[in-house]
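Trainee: sequence below, structure please.
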Amino acid sequence: MAAAIPVSLTDTIVALSTPPGSGAIALIRLSGPDAVRLTDSVFAGKRLRDQPSHTLHVGTVRDGDRILDEVVISLFRGPHSYTREDVVEISTHGSDYIVQEVLGLLLRRGARLAEAGEFTKRAFLHGAFDLAQAEAVADLIASDSALSHQVAMQQMRGGFSQELKDLRGRLVKFAALLELELDFGEEDVEFADRTGLVQLLQEVQQLVRRLLRSFELGNVIKNGVTTVIAGRPNAGKSTLLNALLNEERAIVSDVAGTTRDLIEDEVSIAGIRFRFVDTAGLRDTADVVESIGVERTLKRVKQAALVVYLFDITATTPAELQAEIEALHLPAEVPVLAVGNKLDVASDAEQEAFQHRSDTILIAASRGDGLDELQERLLEKVRGEGLDRAGSSTIVTNLRHAQSLELAARHLEAVLTGLSAGTGTELLAADLRHALAALGQITGEISNDDLLTSIFTEFCIGK
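Mentor: Residues are numbered from 1 along each chain as shown. You can find the predicted model right below:
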C-alpha cells in the first residue's frame, strides 16, 4: 500500500486550473471536505449543499455586498469525482483580477492553496487510480503529437498497470510458496515446484525485457527526435529546414557561412515529433564567429538522435561524401541519413553517381521535390519495433518505470541463476521479493514520501 504523505487530507484545497493570463474563461477548483460549504458561503444562487452531484448552477460570487463576478458552478460529490472528495469548479470570466479576488476570498474563508499536483495526488491516495496512471495524466497534458496522446491515454486508462498487475500476480503465488518453505525449513520440504518456477520466471523475464525494449520507442514518442541537419556551407540546410517546417524560419542566402548559430524548431510527421536543428556549415574558417558556430555544430551532432547529412550533388563526389560523414566521428548508435540536394540543377551524371546508394536520397529543397520520400526515410530511421502498434500496445515512456523494470529484471535473473545453482530457499525468496518490490514501485503499491513528492511536484498547480 502507498505510504501516507505529509499533506493533510482534511484540508480543503483551491487552485486555478486553467493557464494564468487573460482569457474568456478561468476555472477555479476546490476539493476537500469543506469544498461545498466554502463555496456556498460566497455564492449567491441555489444552496449547493442541497443540490445533487454532477449539476451546474448559475449565480454570482460575492464578497459581502460586493459582486465579484457572475459564474457557473460545477458540483461533484465524492466519491464520484476526480479526487473522490467533494469537488467544486467555479467558472469565472478570465480576468486575472477576478481570479485573484475569488481565490483570495476563498483562502480567507478557510481554503488552502493547493500544492503542485495535489488534486491528482489525492485521487491516487483515495484509490481512484494507481501511480503509473497518475503519471500518465501529466503525460496526457504534455502530449503534443498523435502518438504521445494515444500512449498516454492508454496508460491513463490502465493498460500498462494491468499488465504489471498480471506479472506481479503470477510471481506472488510462487513467492508465497517459497515463504511457506522458509516457515517449514527444519522439515526440508519443497512446496514450490522448481521446474514450474523456472518456466514462470523465464516467461515473466521475457515480458519484462519486452517492456524495457519498448522504452527506446517510448522515449521517441514522448520526447521527440532531435534531428541535426549538418553539411558543408551552401548545401541548402536552411532551405531544407524551411521546407520541412513549411515556413521561413531560417535565413537563406547564397553567401557561404550565413548560419552562425543553431536554429531549432519542431514538426510532427505521422504522429512523431521531430526537432530539427539547422547548423553552421562545416568547414575550416578564419572567421572567429563562424568557427564558434562550427564547434557548436560538431558538439550538437554528437548529441543528436538522428543526423541528416545534407550535401550538394553538384559539388560532391561519393568518395567525398563518405569522408565527410566519417569525419563527424558519430557514435555507432546515431543513425545517419545522407541527403543530396539541388537535384533540380544537377546533371544526369551527377545524379547517377548517387542513385545506386541505398543510404542516400536526392531532393530539391528549394522546390520541395523529394520531401515526401525524405519524411518516410526519417520515419524508417526511428520507427523501431512496434511503432505501428504504439497506440494499442504497451509502451514504456517513463524513465522511472524503465529503471524499476531493469531492477526487476536483474533480480529475476538472480533467481534463475540461483535455481540452476541450487541456491537455498532464503536467498531465492529474497531476490523474488526484491523483484516484486521493483514492479510494485511502478504502480505505487510500494512507495514512499520522497518518491510521491518527486512525482507530483512535476504537475501543474491546478492538476
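
Trainee: could you list the low-pLDDT ranges of this structure?
Mentor: Residues of the chain that meet the criterion pLDDT under 70 lie in 1-7, 180-194, 248-262, 280-294, 297, 383-393, 447-448, 450.

Trainee: ok, longest helix in it?
Mentor: helix 194-223 (DSSP state H).

Trainee: starting at the chain centroid, how far to that helix?
Mentor: 19 Å (CA atoms, centre = their mean, to the nearest Å).

Trainee: other SSEs contacting it?
Mentor: helix 146-156, helix 159-183, strand 272-278, helix 399-421 (3 or more CB pairs under 8 Å, 6 or more residues apart in numbering; DSSP states H and E). In short, each C-beta sits where N, CA and C put it, glycine included.

Trainee: can you give me the domain assignment for this structure?
Mentor: Domain segmentation of the chain under automatic domain parsing yields 13-129, 137-219+395-443, 224-366.

Trainee: could you dump those to JSON lines with mean neighbour count and distance to residue 451?
Mentor: Putting those into JSON lines (neighbours: other CB atoms under 10 Å; distance: least, CB to CB, whole Å) gives the following:
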{"stretch": "domain 13-129", "mean neighbour count": "18", "distance to residue 451": "12"}
{"stretch": "domain 137-219+395-443", "mean neighbour count": "17", "distance to residue 451": "7"}
{"stretch": "domain 224-366", "mean neighbour count": "17", "distance to residue 451": "27"}
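
Trainee: kindly reformat the ones you listed as JSON lines containing distance to residue 456.
Mentor: JSON lines is the format used below for the domains of the chain (distance: least, CB to CB, whole Å):
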{"stretch": "domain 13-129", "distance to residue 456": "3"}
{"stretch": "domain 137-219+395-443", "distance to residue 456": "9"}
{"stretch": "domain 224-366", "distance to residue 456": "24"}
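
Trainee: circling back to that earlier point, reformat the helices and strands packed on helix 194-223 as a markdown table; add distance to residue 72.
Mentor: A markdown table is the format used below for these (distance: least, CB to CB, whole Å):
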| stretch | distance to residue 72 |
| --- | --- |
| helix 146-156 | 27 |
| helix 159-183 | 34 |
| strand 272-278 | 36 |
| helix 399-421 | 38 |
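
Trainee: tell me which of these sits nearest to residue 80.
Mentor: Ranking the helices and strands packed on helix 194-223 by proximity to residue 80 (CB to CB) places helix 146-156 first, at 18.3 Å.

Trainee: picking that back up, show the subsequent helix or strand relative to the longest helix of the chain.
Mentor: strand 225-230 (DSSP states H and E).

Trainee: what pairs with that next one, parallel or antiparallel?
Mentor: strand 272-278 (parallel), strand 306-312 (parallel) (DSSP bridges).

Trainee: ok, which of the ones you listed comes nearest residue 442?
Mentor: Checking these against residue 442 by CB to CB gives strand 272-278 as the closest, at 24.9 Å.

Trainee: can you pull out the strands in this protein?
Mentor: For the chain, the strands defined by DSSP state E occupy 13-16, 23-31, 43-44, 55-63, 66-76, 87-94, 112-113, 225-230, 263-269, 272-278, 306-312, 336-341, 360-362.

Trainee: could you export these as TSV, including distance to residue 218?
Mentor: As requested, those are arranged in TSV below (distance: least, CB to CB, whole Å):
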stretch	distance to residue 218
strand 13-16	30
strand 23-31	30
strand 43-44	45
strand 55-63	39
strand 66-76	33
strand 87-94	32
strand 112-113	34
strand 225-230	13
strand 263-269	17
strand 272-278	12
strand 306-312	17
strand 336-341	22
strand 360-362	28
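
Trainee: geometric centre of the protein: which residue is closest?
Mentor: Closest residue to the average C-alpha location of the chain: residue 222 at 3.9 Å, with CA atoms, centre = their mean.

Trainee: contacting residues around the nearest residue to it once chain neighbours are set aside?
Mentor: With sequence-adjacent residues excluded and distances taken as CB to CB, 6 or more residues apart in numbering, residue 222 is closest to residue 397, at 4.3 Å. Residue 397 sits next to 139, 148, 151, 152, 155, 215, 218, 219, 221, 222 when contact means CB atoms under 8 Å, 6 or more residues apart in numbering.

Trainee: change it to 6 Å
Mentor: Applying CB atoms under 6 Å, 6 or more residues apart in numbering, we find residue 397 in contact with 151, 218, 222.

Trainee: circling back: and of the helices and strands packed on helix 194-223, who's closest to residue 348?
Mentor: Across the helices and strands packed on helix 194-223, closest to residue 348 is strand 272-278 (CB to CB), at 30.0 Å.

Trainee: then that closest one to PDB, C-alphas only?
Mentor: Provided in PDB are the C-alpha atoms of strand 272-278 (Å, rounded to 0.1, in the frame of the first residue of the first chain):
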ATOM      1  CA  ILE A 272       6.200  11.500 -34.300                       C
ATOM      2  CA  ARG A 273       7.600  14.900 -33.200                       C
ATOM      3  CA  PHE A 274      10.900  15.800 -34.900                       C
ATOM      4  CA  ARG A 275      13.000  18.600 -33.500                       C
ATOM      5  CA  PHE A 276      15.100  19.800 -36.500                       C
ATOM      6  CA  VAL A 277      18.300  21.700 -35.800                       C
ATOM      7  CA  ASP A 278      19.800  23.800 -38.600                       C
END
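
Trainee: what lies in contact with it?
Mentor: 145, 224-229, 237-238, 241, 244, 250, 262-264, 266-267.

Trainee: circling back to that earlier point, reformat the contacts of residue 397 as JSON lines; add distance to residue 310.
Mentor: Shown next, in JSON lines, are these (distance: CB to CB, whole Å):
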{"residue": "151", "distance to residue 310": "31"}
{"residue": "218", "distance to residue 310": "29"}
{"residue": "222", "distance to residue 310": "28"}
